[in-house]
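A.B. asks: Got a sequence here, can you build the structure:
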Amino acid sequence: MLFFFASVILLIVGYVVYGKFVEKIFVIDENRTTPAYAMQDGIDYMPMPKWKLIFIQVLDIAGVGPIFGPILGALYGPVAMLWIVIGCIFAGAVHDYFSGMLSVRNNGASIPEVVGEYLGMPARQVMRVFSFVLLMLVGVVFVLSPAKLLNGLTGVNTGILVGIIFAYYFLATILPIDKLIGRFYPILGALLLVMTVALVIALFAGGYHILPNLDFSTNTHPADKPIWPLLFITISCSALSGFHSTQSPLMARCVKNEKEGRSVFYGAMIIEGIIGLIWCTLGLSFYNSPEALNAVIAAGSPAAVVAEVSKTLLGPIGGALAIAAVIVLPITSGDTAFRSTRLIVAESFKIKQNATSKRLMIAVPLFVLGYIISTQNFSTIWRYFGFANQSLAALVLWSSAVYLAQRAKLHWIATIPAVFMTAACVTFICNAGIGLNLAYTPSVVIGVIAAVAALAAFLIHFVGKKKAATESA
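C.D. replies: Model prediction:
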C-alpha cells in the first residue's frame, strides 16, 4: 500500500517540480497572443477556461490505454508501476507538453505540420499519411470497442450502438468544439475520476493484499514474454503515447495563455498516469497471481477484467457506473480522433474550416471511409498499432529535441526519452513475429545500435551545426 501512495506522490511531485523545470526550459511568454485569440473562428479556435481544457485533454488522450495497458502490463509484475511513474514524468508528460506548446507556437498546427517544421518537408509528408491512417484506425476501433462494452452492459444490439456512436462522432467532428466536447467532457471526466478513485478505495477496504509482490527483478508474465521491449510498447497511454500528440493541438487552439500549458498538457498526462497506476494496482492486487489475471484476459480481453473488478468491488450499480466511466474513454478519444483527422486533411489541402460546407466536404468522405473500414477485418493492420504509436512518440520527442537544440536549450529532456524509445521500437519490430522475427539478442543489439546512430546523427546535424554557427558568429 505504501508503494502505491509513494508512486502517486511521485507523480504529483513530478508535475510540480519537473513540470516546472520543463516549462522553464521551454520559456513561456505570458504576453504572447495564443492561437485561441489570434485565429479565433468560433469552430476550432476559441478561448476556453483552463479547467475545461484539462478535463478535455485527459479524455482526448486516454482511449482505453490507461486502463487496458496497465492491466496487460500488470502481468509483468510491479516493474510495470515503475515504468508508469518514470515514463509519465520524464517521457510522456514531456512529450505531451511539447506537442501541445509547439502547436501553440505554430498557430495551433496539427502534429504533421509541427514535425515538418523542425524535421523538414519529407517528415511532414510522411507524418500526414501516417497520422491519417493511425487516427482513422483509432476512430474506427473506438467505435467498435465501446459498442461491444455497451452491448454487454445494456443488451442493445451492437449494430445499433455502432450507428449511434458513429452519428455522435460525426456531430462532434463538425460542430464547434464548445458545443458537445466543451459542454459534456467535464461531466464525463468527473465521472471517470470519481469511479476510478472509488475502485481503489474499495480495493483497500475489501481486505485484499495490496501489491503482494514487490520483487522488481522478477518477470512474472505467464508466457515469459520479455520485459524489454514489450512492457514499453504495451503500457503506452499512462506512460508515453504518440497518439497524444495528435490530440494536443485541439487544446492548443483553445489555450488562453502559454502559462496554462503546464496544467493542460503536462498535468493531464500526470492525471492519466495516476489512472494507470490505479488499474495496474488493481491487476496486481485483485487477483491471486499473474496466471489468474491472464486467464480472465485470455477469456475476454482486458474488458473482462474491468467488468469483474468493477462489479466485485462496487456491486451491480457501482460496477455499472465504473464500467460506464471506462466506456467514456474510447468514445471521448474516438470523436476527437475523427476531429483531428478532419483538421489534418484541412491543413494539408489548405481548406479553411469556417463554413459548415467546408467541414462537411471533409467529414462526409471520412465517415464513409470509417464505416467501410469498420466492416472489414483489419485486425492484421491493428496489430501494428502499438509499434506505430510508440514510433510516433519517438518522432515527436526527436522533433522537440531539435526545437530545443536549435535554440541552444537543454535538449536532453527530450533527447534521452527519444533515444530510449527509439531503441525499444527498433528492438520490438526486429524481434516481433509481425516484424522481422529475428532472435531476441540480435534484436536488442540492433535496437541499441539504431538508437546510438540516431543520437549521433542528431548531435552532429543539429547540435554540432548550431554550436559551430554560434562560435563563428
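A.B. asks: Stretch 160-178 - what's its average pLDDT?
C.D. replies: The predicted model assigns stretch 160-178 a mean pLDDT of 94.
A.B. asks: buried sites along that stretch?
C.D. replies: With burial defined by 16 or more other Cβ atoms under 10 Å, the residues of stretch 160-178 counted as buried are 161-162, 165-166, 169-170, 172-174, 177-178. Every C-beta, even on glycine, is put in place using the N, C-alpha and C of the backbone.
A.B. asks: ditto for stretch 186-206
C.D. replies: 186, 188-189, 192-193, 195-196, 198-200, 202-203.
A.B. asks: Residue 156: which of the residues you listed is nearest?
C.D. replies: residue 188 (19.5 Å; Cβ to Cβ).
A.B. asks: Contacts made by the strand or helix carrying that closest one with the rest, please.
C.D. replies: In the assignment (DSSP states H and E), residue 188 maps to helix 181-205. Here helix 181-205 makes contact (Cβ atoms under 8 Å, 6 or more residues apart in numbering) with 1, 4, 48, 51-52, 55-56, 58-59, 172, 210, 271, 275, 278-279, 281-282, 285-286, 309-310, 313-314, 318, 321-322, 324-326, 328-329, 332, 335-336, 339.
A.B. asks: One more pass at 6 Å, please.
C.D. replies: Contact with helix 181-205 is made by 48, 52, 55-56, 58-59, 172, 275, 278, 313-314, 321-322, 325, 328, as judged by Cβ atoms under 6 Å, 6 or more residues apart in numbering.
A.B. asks: tell me the mean pLDDT over whatever helix or strand comes next after it?
C.D. replies: As assigned by DSSP H and E, the chain's next helix or strand after helix 181-205 is helix 227-234. Across helix 227-234, the average pLDDT comes to 96.
A.B. asks: What helices and strands are in contact with helix 227-234?
C.D. replies: Other elements packing on helix 227-234 under the criterion 3 or more Cβ pairs under 6 Å, 6 or more residues apart in numbering; DSSP states H and E are helix 65-73, helix 412-431.
A.B. asks: Any chance you could list what contacts the longest one?
C.D. replies: By Cβ under 6 Å, 6+ apart, the surrounding residues in contact with helix 412-431 are 22, 91, 94, 229, 232-233, 387, 390-391, 393-394, 397-398, 400-401, 435-436, 438, 440, 443-444, 446-448, 450-451, 454-455.
A.B. asks: how about residue 383, what does it touch?
C.D. replies: Residue 383 touches residue 434, counting by Cβ under 6 Å, 6+ apart.
A.B. asks: Phi first, then psi, for it.
C.D. replies: Main-chain torsions, residue 383, degrees, to the nearest 10: phi -60, psi -20.
A.B. asks: Please report how far it lies from residue 39.
C.D. replies: 39 Å (Cβ to Cβ, to the nearest Å).
A.B. asks: Relative to residue 274, how far out is residue 5?
C.D. replies: On the measure of Cβ to Cβ, residue 5 and residue 274 end up 11 Å apart.
A.B. asks: Neighbour count: these two, which is higher?
C.D. replies: Ranked by neighbour count (other Cβ atoms under 10 Å), residue 5 and residue 274 place residue 274 first, with 21 against 10.
A.B. asks: got a list of what the more buried one touches?
C.D. replies: 8, 11.
A.B. asks: tell me which element it is part of?
C.D. replies: Per DSSP H and E, the secondary structure element for residue 274 is helix 268-286.
A.B. asks: Return the set of buried residues in that helix.
C.D. replies: For helix 268-286, a neighbour-count test (16+ other Cβ under 10 Å) marks 268-286 as buried.
A.B. asks: Which other helices and strands does the next helix or strand after that helix contact?
C.D. replies: From helix 268-286 onward toward the C-terminus, using DSSP H and E, the following helix or strand is helix 290-348. Helices and strands touching helix 290-348, by 3+ Cβ pairs under 6 Å, 6+ apart, are helix 50-62, helix 65-73, helix 121-154, helix 158-174, helix 181-205, helix 243-252, helix 268-286, helix 356-374.
A.B. asks: Look at residue 240 and give its secondary structure.
C.D. replies: coil (DSSP: H, G, I helix; E, B strand; the rest coil).
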